[in-house]
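Trainee: Provide a 3D model corresponding to the input given below.
(one chain, ligands or ions: 1)
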Amino acid sequence: MAEGWVKAETAAPDTAANTVPAEGAGIIVRHGRSPVAVSTVDGVTCRVSAVCTHLHGVLSWNDAEHTWDCPLHGSRFTPSGDVLQGPTTAKLPAVD
Ligand code: FES
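Mentor: Next comes the predicted model:
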């Protein structure tokens, strides 16, 4: 769990220059101290919290499935934060 938070703390700051990933990609940026998951799929860029709503693991982008996956207990989310797989039951909050 600590590794994900260390990576998030050292992620690029959330600036206009790096917040639109290439098609099919997802990146973690920092908005203040909060990690934000930014992805672009089918031309739509989504920005959601990168913190899993189960027990606060930091999510990783799954290139093959275009999902945000939690390395701790396996929860998976759509790019817009909807739950695809538990144990979590709560979607990721959107980030402006
Ligand atoms: S912390 Fe993400 S599934 Fe448990």
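Trainee: would you confirm that Pro13 contacts Val29?
Mentor: Yes. Assessed by CB atoms under 8 Å, Pro13 is found in contact with Val29 at 6.7 Å. (Glycine included, C-beta is placed from N, CA and C.)
Trainee: tell me which of these two has more neighbours.
Mentor: Val29 (21 against 11; other CB atoms under 10 Å).
Trainee: and the closest residue in space to that one that isn't next to it in sequence, how far from Ile27?
Mentor: Distances taken as CB to CB, 6 or more residues apart in numbering place Asp14 nearest to Val29, at 4.4 Å, with adjacent residues excluded. Using CB to CB, to the nearest Å, Asp14 is found at 10 Å from Ile27.
Trainee: what are the pairing partners of the longest strand along the chain, and which direction each?
Mentor: Ranked by residue count, the top strand of the chain under DSSP state E comes out as strand 34-41. Partners of strand 34-41 in the sheet, by DSSP bridges, are strand 26-31 (antiparallel), strand 44-49 (antiparallel).
Trainee: out of the ones you listed, which comes closest to the ligand?
Mentor: Smallest distance to the ligand across the strands paired with strand 34-41 (CB to the nearest ligand atom): 11.9 Å, for strand 44-49.
Trainee: check whether the helix or strand just after the closest one contacts the ligand.
Mentor: Next in sequence after strand 44-49, counting helices and strands by DSSP states H and E, comes strand 60-62. No. Judged by CB under 6 Å from any ligand atom, strand 60-62 and the ligand are separated, with a smallest distance of 10.6 Å.
Trainee: if anything else comes up later, I'll come back, but that's it for now.
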